[in-house]
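J.: What follows is a predicted structure for the sequence shown.
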Amino acid sequence: MTDTDVQAPKIEFPCERYPIKVIGEAGEGFTDLVIEVMQRHAPGFDSTSLVVRDSRNGRFLSVQVLITATGVEQLQAIHVDLKATGRVHMVL
């Protein structure tokens, strides 16, 4: 491998305390929406791990959650469901 080859870090599943940050337009029920999707895909999700932050101008909201990630398929399903809501701009 050369210095220019960069590989993504390997994640071992299950991965406890896997962080997911969801960014969307601030508004009524956005945090509840994120919680609902997480509970659907990550049974046992602890909603007390939520960290919610407003953007500087208050237009956007960032919700960070910690889940036990069970595999790539689960993470993809979470991403698809969050984006399908129409309220989510980014999932990190």
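T.: Yep, that arrived.

J.: switch to C-alpha atoms for all contacts and neighbour counts from now on
T.: Noted.

J.: All the strands of the chain, in order from the start?
T.: 15-25, 51-54, 60-69, 88-91 (DSSP state E).

J.: Please identify the deepest-packed of these.
T.: strand 60-69 (a mean of 20; mean count of other CA atoms under 10 Å).

J.: which ones are touching the residue nearest the centre of the chain?
T.: Nearest to the mean C-alpha position of the chain, by CA atoms, centre = their mean, lies I20 at 3.0 Å. Each residue near I20 by CA atoms under 8 Å, 6 or more residues apart in numbering is listed here: 64-67, 91-92.

J.: Which pLDDT value belongs to F45?
T.: Per-residue pLDDT puts F45 at 86.

J.: List the contacts of it.
T.: When contacts are counted by CA under 8 Å, 6+ apart, F45 touches 38-39, 66-68.

J.: any idea which of those residues is closest to K10?
T.: T68 (15.8 Å; CA to CA).

J.: Skipping adjacent residues, who's closest to the closest one in space?
T.: Nearest non-adjacent residue to T68, counting by CA to CA, 6 or more residues apart in numbering: E16, 4.2 Å away.

J.: where in this structure is pLDDT low?
T.: Regions of the chain meeting the criterion pLDDT under 70 cover residues 1-6, 8.

J.: Quick one: distance of stretch 17-28 to the chain centre.
T.: Its chain's average C-alpha position is 6 Å from that of stretch 17-28, according to CA atoms, centre = their mean, to the nearest Å.

J.: hey, C-alpha coordinates of it in CSV?
T.: Provided in CSV are the C-alpha atoms of stretch 17-28 (Å, rounded to 0.1, in the frame of the first residue of the first chain):
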residue,chain,number,x,y,z
ARG,A,17,-22.3,3.6,21.1
TYR,A,18,-22.1,4.1,17.4
PRO,A,19,-22.8,7.9,16.8
ILE,A,20,-25.2,9.1,14.2
LYS,A,21,-25.8,12.8,13.6
VAL,A,22,-29.0,13.9,11.8
ILE,A,23,-29.3,17.5,10.5
GLY,A,24,-32.5,19.0,9.3
GLU,A,25,-34.6,22.1,9.3
ALA,A,26,-35.6,23.1,12.8
GLY,A,27,-39.3,22.7,13.5
GLU,A,28,-42.0,21.0,15.5
